[in-house]
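Chemist: Pasted the sequence and its predicted model underneath.
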Amino acid sequence: MIELWQLSKKFGNFHAVKEVTLQVPPGEIFGFLGPNGAGKTTTIRMLVGLIKPTSGRALLCGKDIIQEPEEAKSLLGYIPDRPFLYEKLTGLEFLEFIAELHGLDSGRLRQKRVEELLDFFDLKEWDRELIESYSHGMRQRLILAAALVHYPKVLIVDEPMIGLDPKGGRLVKRLFSELAKSGVAIFMSTHILEIAEVMCQRIAIINEGRVIALGTMPELREKAQTADERLEPLFLKLTGQEEMGRLGEDFRG
Amino acid sequence: MPTWLILLRPKIISLKHRLQQPHRGSRIRFLALAGLAVGFWVLTFWTFQRVLVYFRSVELFGDLLASKLMGMILLTFFSVLLFSNIISSLSTFFLAEDLNLFIPRPVSWNRLFYARLAETTTHSSWMVLLFGLPVFLAYGWVYRVSIHYYLILALAVIPFLVIPAALGTIFSMFLVNVFPARRTKDVLFLLSIFLVVMLYFLLRFLQPERLVHPESFAGLVDYMTALNAPSSPFLPSFWAAEALLPFYQDHQAPSGFLIGLLWSTAGAMTIFGNWASRALYFAGWTRSQEARRTRLRQRNWIGGFLRFGTSFLNFKMRALALKDGKVFFRDTSQWSQLILLAALVVVYLYNFGLLPLDKSPLPTFFLQNLISFLNMGLAGFVLSAISVRFVFPAVSLEGDSFWIIRSSPITLRSFLWSKFWTNLLPLLILAEILIILSNSFLQVTTFMMLLSSVTLFFMTFGIVALGVGLGALYPRFKVESAAQIASGFGGMLYMILSMSFIGAVVLLEAWPVYALFMAEFQQRTLSVFAWAGIVLSFLGVAILNILAVIIPMRLGLKRIAEMDF
């Protein structure tokens, strides 16, 4: 369960996130959409404890990320948009390190889990190579593996498809559905509207730091007062970017 | 605007913006750095001016000495420039991120070469130029030269900087076509470390202090042989020196030919560089883009050593320590510094073996123990210098990967203390080696041996905590190399605070040690008040040590806890 209560963040005079309140129950894949600079990444960074909220609370399975960081983070798997890793570790060492940080102290169980993930994400062949020699897609797959090494109850994902090839993309879609079925709450920010449309049960749209729409696809359509089945025109209408949709027509003359 | 200049514009504009952008504490930082630079300038100018005035006062061969010195300085500059240009050109031509932006654009290889050559020259030359200027000015000042000297100096310096840049670039073009760029950089980095160590040993073991006493040499020939520096008429440093020397010898021989030689060589080298670039650059660039697969052995002795050395830590802290250890020993720019460190320790101990205690008018017993006492401060200074390079950057080196720690279920307290313990252990061993061996050379009393080794043992806790704490208080996550992290404002503040801490400990112990020594020397017993004073002083040392551990660690922890990442 993921809960955000009146979550806000100010950077100086700039209000990046304004009183965001929403809940994601176990087993749900929740889409968090918004134009560039809307406050998606800031919200996620507060949710995983990378930055401190100016006000409000973020709870993971009832544990406050600021008040009980260790307990909350032990339930969390986080996949950032930029795959910064320890370049001088091998993929295997990195996963073992993350497992140890999460307290998986039984050597055999840890090794089994790590190998299972390396296999699943097609990294077995590269497990003893330094990360500095990995491609962008391999790094992204390694981060995915690291997020799952400790069987998280909550998965927070910032742009999951960046850098993945079609095979990797399909793998992630299947994996997320399986995880949701097993009761993991998934909070996912993405720019790729088709993915949100297909994968998410509910979607929130954030614009200028404020959640302007939240609900299932039919609920969003109703809010936008449109009969269009697709998410893209709906998203553009709700975020006031309809002229972007017409831009293509202008280019074509 | 020429294309090669357009290619340099982003760098120039970025620099301008960085200078204009206000930062937290930037004014203090700027003033501190400016103060340090001016201080260095004044000190260099003053030292050279004193040396040159002394040389001028030496009859017959004073001017010759000044000329030799200039030749040696220019040769050193040339060698340093050549080496740093090879390393710098590997970065600017093959490893820089922005090359991905330029190479797919319609920019000719010629233009790209000239732009990158200008960048390489600037990168590797500004420091030599900055620190060389007070030397040239001191020469001008002492020899009361005419304005022509400065004109010739300016005309000589520009090609003198361009020649090694072009040569270094040509060399790296060949190197990258043989080895992968990253590996080449590692190898060159290691070589440069060895070069510095060799130079350091050479200078130290030559005992340059003997040159101040020419009477210790059999004759003029021996003295001049000791001063002899390798020089060749085919080296640009020789031409530059020869162009400047007439100004120090009161006769203004025309320098036109030598200046012409410098400029024409610089021009020719640039053109040769361009040819080499056309023939080799793209192939080398392609090679540098290939991923280097380095399959590591599952178990190795460093891994075993790290596992043993961290076995006293709890599970999560041990995982962090093992990760830090592996990263350190796999990064050439990091572990190679250990070679420099070893050289520093050897020379430090060698110096103690050379001390002419028997020539002092003070009793040897007294002097030995006095020096041993001062040695505590000196060893503390050595530890601080090492810490600023290895301990202070510990937090910053997490870099962009700090998100992994921040989103993991490990408290920042455990994170920071793991940095403390993993750095403390090697430094404690080093501290005790330094103090016990140097005291053995000095043959000090058992009391002094015990006192200094115990004091330094506890002082190391403070030195390391200051390093970790201030490193967390002034982190630089966006800087890649540890050397850069240490050279910032935080590093400077660390050195000041660490030195003050060491100074305070030594001062607090000075009086009780003196009182105890005098009592033993004069065969008398100490009063109760004296004993109380001694106890109070040592208590003060204990409190100071505790504060030096607690305060910086708390402040550092508070800072990273509040930091938005």
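Modeler: Arrived safely, thanks for sending.
Chemist: Name the helix or strand for the spatially most central residue of chain B, please.
Modeler: Geometric centre of chain B, nearest residue: B:Ala483, 7.8 Å, by C-alpha atoms, centre = their mean. Using DSSP states H and E, B:Ala483 sits in helix B:482-486.
Chemist: what is the mean pLDDT for the next helix or strand after that helix?
Modeler: Going down the chain from helix B:482-486, the next helix or strand is helix B:489-521, by DSSP H and E. For helix B:489-521, mean pLDDT rounds to 87.
Chemist: On the three-state scheme, residue 97 is what?
Modeler: Just going to use chain A. helix (DSSP: H, G, I helix; E, B strand; the rest coil).
Chemist: that answer is for a different chain, and I need it for chain B
Modeler: Per three-state DSSP, B:Glu97 ends up coil.
Chemist: what's the pLDDT at residue 209?
Modeler: I'll assume chain A. For A:Gly209, the model assigns a pLDDT of 92.
Chemist: wrong chain, I was asking about chain B
Modeler: The predicted local confidence for B:Glu209 is 59.
Chemist: any idea how far the residue nearest to the centre of chain B is from B:Asp400?
Modeler: 18 Å (C-beta to C-beta, to the nearest Å). Placement of C-beta: from N, CA and C, glycine included.
Chemist: again, but for B:Ile259
Modeler: 48 Å.
Chemist: For the two, work out which one has more neighbours and name it.
Modeler: B:Ile259 (18 against 15; other C-beta atoms under 10 Å in any protein chain shown).
Chemist: so after the helix or strand encompassing that one, what's the next helix or strand?
Modeler: Secondary structure assigned from DSSP H and E places B:Ile259 in helix B:256-289. Downstream of helix B:256-289, the first helix or strand assigned by DSSP H and E is helix B:301-309.
Chemist: Excluding chain neighbours, give the residue nearest to A:Gln140 in space.
Modeler: A:Gly163 (4.5 Å; C-beta to C-beta, 6 or more residues apart in numbering or on different chains).
Chemist: three-state assignment of that neighbour?
Modeler: From three-state DSSP, the assignment for A:Gly163 is coil.
Chemist: what angle do the helix or strand containing B:Ala385 and helix B:489-521 make?
Modeler: Using DSSP H and E, the element containing B:Ala385 is helix B:364-390. Here helix B:364-390 runs at an angle of 160 degrees relative to helix B:489-521 (axes from the mean of the first three to the mean of the last three C-alpha atoms, to 10 degrees).
Chemist: related to what we said a few turns ago, let me see the mean pLDDT of the helix holding B:Ile259.
Modeler: 90.
Chemist: Show me how far that helix is from its chain's centre.
Modeler: On the basis of C-alpha atoms, centre = their mean, to the nearest Å, helix B:256-289 sits 30 Å off its chain's mean C-alpha point.
Chemist: number of nearby residues for B:Arg144?
Modeler: 9.
Chemist: related to what we said a few turns ago, could you report the distance from the residue nearest to the centre of chain B to A:Pro53?
Modeler: With C-beta to C-beta as the criterion, B:Ala483 and A:Pro53 are 36 Å apart.
Chemist: Give me the phi and psi angles of A:Ser189.
Modeler: phi -100, psi 140 (degrees, to the nearest 10).
Chemist: wait, B:Glu398 sits on B:Ile405?
Modeler: Yes. Using C-beta atoms under 8 Å, B:Glu398 makes contact with B:Ile405 at a distance of 6.3 Å.
Chemist: what ranges of the stretch 151-253 of chain A fall below the confidence cut-off?
Modeler: Applying pLDDT under 70 to the stretch 151-253 of chain A flags the ranges A:229, A:241-253.
Chemist: Show me what residue of it gets nearest to chain B.
Modeler: A:Ile156 (8.6 Å; C-beta to the nearest C-beta).
Chemist: For the one helix or strand that residue maps to, enumerate the helices and strands it packs against.
Modeler: In this structure, A:Ile156 sits in strand A:154-158 according to DSSP H and E. Where contact means 3 or more C-beta pairs under 8 Å, 6 or more residues apart in numbering or on different chains; DSSP states H and E, strand A:154-158 is packed against helix A:40-47, strand A:76-79, helix A:136-148, strand A:185-189.
Chemist: I would like the residues contacting the next helix or strand after the last one, please.
Modeler: Following the chain from strand A:185-189 toward its C-terminal end, the next helix or strand by DSSP H and E is helix A:193-199. Outside helix A:193-199, the residues within contact range by C-beta atoms under 8 Å, 6 or more residues apart in numbering or on different chains are A:29, A:31, A:33, A:160-161, A:173, A:176-177, A:188, A:190, A:203, A:217, A:230-232, A:235.
Chemist: Buried members of those into PyMOL, please.
Modeler: The buried residues among the contacts of helix A:193-199 can be selected in PyMOL (16 or more other C-beta atoms under 10 Å in any protein chain shown) with this line:
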select buried, chain A and resi 29+31+33+160+161+173+176+188+190+203+217+231+235
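Chemist: Would you agree A:Leu238 is in contact with A:Ala213?
Modeler: Yes. Between A:Leu238 and A:Ala213 there is a contact at 5.2 Å, judged by C-beta under 8 Å.
Chemist: what residue ranges in the stretch 401-550 of chain B score low on pLDDT?
Modeler: Checking the stretch 401-550 of chain B against pLDDT under 70 turns up B:480-481.
Chemist: List the contacts of the residue in it positioned nearest to chain A.
Modeler: Nearest residue of the stretch 401-550 of chain B to chain A: B:Pro409, at 3.8 Å (C-beta to the nearest C-beta). With contacts defined as C-beta under 8 Å, 6+ apart, the neighbours of B:Pro409 are A:69-74, A:101-103.
Chemist: what do you get if the cut-off is 10 Å, keeping everything else the same?
Modeler: Going by C-beta atoms under 10 Å, 6 or more residues apart in numbering or on different chains, B:Pro409 touches A:49, A:69-76, A:101-103, A:150, B:316.
Chemist: B:Tyr114 - that's part of a strand, no?
Modeler: No. Counting by three-state DSSP, one finds B:Tyr114 to be helix, located in no strand.
Chemist: For it, give its distance to B:Pro104.
Modeler: On the measure of C-beta to C-beta, B:Tyr114 and B:Pro104 end up 19 Å apart.
Chemist: ok, these two, which is more surrounded?
Modeler: Set B:Tyr114 next to B:Pro104 and count neighbours by other C-beta under 10 Å: B:Tyr114 wins out with 21 against 8.
Chemist: From B:Leu175, how far out is the more buried one?
Modeler: For B:Tyr114 relative to B:Leu175 (C-beta to C-beta), the value is 21 Å.
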